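Asker: Here is the input, now give the coordinates:
(chains A and B)
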Amino acid sequence: MDQQNFSKEKKLLLVEDDSLMLEVLKDLLSETGITVHTSVNGAEGLKKFSENKYDLIISDIQMPILNGVEFLKKVRSQDTYSPKFMLLTGYSTYKNEEVYRLGADALMNKPFEFDDLINEVHKLLMESESRGLNGS
Amino acid sequence: MVPDKTNPIWRKIVSYSDDYIFTTLATKLMMMRVKMIVENENTNKEENILQGIDIAYEYFKKNQSILIEDVDYLFKDKDGV
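Answerer: Alright, predicted model coming up:
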């Protein structure tokens, strides 16, 4: 298995209400060299989003207080900056087309393989970097 | 119950992680992390295994009350436990 390594300059916000998944995903993603911040729901995530500048947000879709889709809508409604946004989906009443229309850049269906997740993260970070270089 | 870190079963679990099928997604992902560490060719193999054992042991020990299926699958009625 190849391990992707990213610059520490890459900053990711991971939002997940399952504390076990949050801890494991944080450890895994941190080992690829990304700086990972965490939140346990969308409301807390939104606060961190406003206080930091992230290259990528990965959020579970099913969460209390503010779910992943509502969190996505609030992030996209801000005019400060626009990070890449990946939703982790399991059972959900939302349709894929709907969340893409709302501004998601990627969906990852649970249960997923770590390799698939990290490949998608790599792709989104590359896109984010290229967007930054183009100044758009 | 999660056995002591010195139990030989830990070495088997981290060295042959592909042979195990876990129920919990978090466990599957944690074992992927262990596998990456154990298979890292840039560092000492034995140190990799010991690091993998540390990670797996701490994970199962800390979360055994919510990982009942995975813990039973790994350790229940196993020889040497």
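
Asker: near chain B, anything from stretch A:59-66?
Answerer: No: using CB under 8 Å from any CB of the partner chain, no contact is recorded between stretch A:59-66 and chain B, whose separation bottoms out at 11.3 Å. (Glycine included, C-beta is placed from N, CA and C.)

Asker: Just the buried residues of that stretch, please?
Answerer: By neighbour count on 16 or more other CB atoms under 10 Å in any protein chain shown, the buried set for stretch A:59-66 is A:59-63, A:66.

Asker: Same question for stretch B:37-51.
Answerer: Those would be B:37-38, B:40, B:48-51, for stretch B:37-51 by 16+ other CB under 10 Å.

Asker: Alpha carbons only: can I get that stretch in CSV?
Answerer: Extracted in CSV, the C-alpha atoms of stretch B:37-51 (Å, rounded to 0.1, in the frame of the first residue of the first chain):
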residue,chain,number,x,y,z
ILE,B,37,3.2,1.1,9.7
VAL,B,38,4.1,-2.6,9.8
GLU,B,39,4.8,-2.6,6.1
ASN,B,40,6.9,0.6,6.0
GLU,B,41,10.1,-0.5,4.4
ASN,B,42,12.0,2.6,5.4
THR,B,43,12.1,1.7,9.1
ASN,B,44,13.1,-1.3,11.2
LYS,B,45,10.7,-4.2,10.7
GLU,B,46,10.7,-5.3,14.4
GLU,B,47,10.2,-1.7,15.6
ASN,B,48,7.3,-1.4,13.1
ILE,B,49,5.6,-4.5,14.5
LEU,B,50,6.0,-3.2,18.1
GLN,B,51,4.6,0.2,17.1
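
Asker: what about that stretch, near chain A?
Answerer: Yes: using CB under 8 Å from any CB, we find that stretch B:37-51 touches chain A at B:39-40.

Asker: per-residue confidence averaged over that stretch?
Answerer: On average, the pLDDT along stretch B:37-51 is 93.

Asker: Now residue 69: closest residue in space that isn't a chain neighbour?
Answerer: No chain specified, so I'll use chain A. With sequence-adjacent residues excluded and distances taken as CB to CB, 6 or more residues apart in numbering or on different chains, A:V69 is closest to A:Y94, at 5.4 Å.

Asker: ah, I was thinking of chain B
Answerer: Per CB to CB, 6+ apart, closest to B:E69 is B:T23, 4.4 Å.

Asker: Show the contacting residues for the one you found.
Answerer: The neighbours of B:T23, taking CB atoms under 8 Å, 6 or more residues apart in numbering or on different chains as the test, are B:69-70, B:73.
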